[in-house]
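> Okay, sequence plus prediction incoming.
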Amino acid sequence: RRAPLLLLLALLASLPACRRSGAASPPERWLSARAAGALVVPELKRAAREATALLETAATFPGAAARAGQLRAALSAQLGLDPLDPEALARAGIDPTRGGALGFERPAERGGPVPVLVLPVRDAGALEATVAGLARDRLGAPVRSTATQGSVRVVTYRYVTDSPAGLTL
């Protein structure tokens, strides 16, 4: 049930690092000091371009062309958008001209690291609709609740009322 989120996280973890100067708001500032590790991509658009080039290069190897196409198609089907297409990211509410980060928080209790994905928001309404669709259709977590923590509105998607969060925005 966590496949789309895990696929997105795996994609971000596999993107080559890229540099961008003058970033006003680096994504790593949103990760806590407790993070066990992090991957920072300073510009999603450039990272998508480089990942596409990497897939195209991989497709030139004998027998790999179909696999490379299938990988991108499967990822797009799971997420409901092509994460390597800057226009698709923008339609989903993400700003492809800015950076993102993937951090792994140490769990408060037993269990593996908790992934934290930091994305630059271009259109909050579109992003929330995208996340709601993923939570409902791909994670099976249709129960939505909101809370305010300080000045931050937190939206949580659960499998059933009172179950642990499946996805939090």
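The structure has been received and is ready for your questions. Numbers count the residues shown, from 1 in each chain.

> Let me know the average pLDDT across the helix or strand where Ala77 lies.
Take DSSP states H and E as the rule and Ala77 turns out to sit in helix 65-79. Helix 65-79 shows a mean pLDDT of 85.

> After it, which helix or strand is next?
Downstream of helix 65-79, the first helix or strand assigned by DSSP H and E is helix 86-91.

> And the contacts of that next one?
44-45, 48, 81-83, 95-96, 122-123, 126 (C-beta atoms under 8 Å, 6 or more residues apart in numbering). In short, each C-beta sits where N, CA and C put it, glycine included.

> just checking, what packs against the helix holding Ala77?
For helix 65-79, the packing partners by 3 or more C-beta pairs under 8 Å, 6 or more residues apart in numbering; DSSP states H and E come out as helix 3-14, helix 44-58.

> For Leu89, see how far away Gly69 is.
According to C-beta to C-beta, to the nearest Å, Gly69 stands 20 Å off from Leu89.

> In terms of neighbours, single out the busier of these two.
Leu89 (25 against 12; other C-beta atoms under 10 Å).

> if I look at the residue nearest to Leu84 when sequence neighbours are not counted, how far off is Arg72?
With C-beta to C-beta, 6 or more residues apart in numbering as the criterion, Leu84 has its nearest non-adjacent residue at 4.5 Å, and that residue is Ala48. Separation of Ala48 from Arg72 (C-beta to C-beta): 11 Å.
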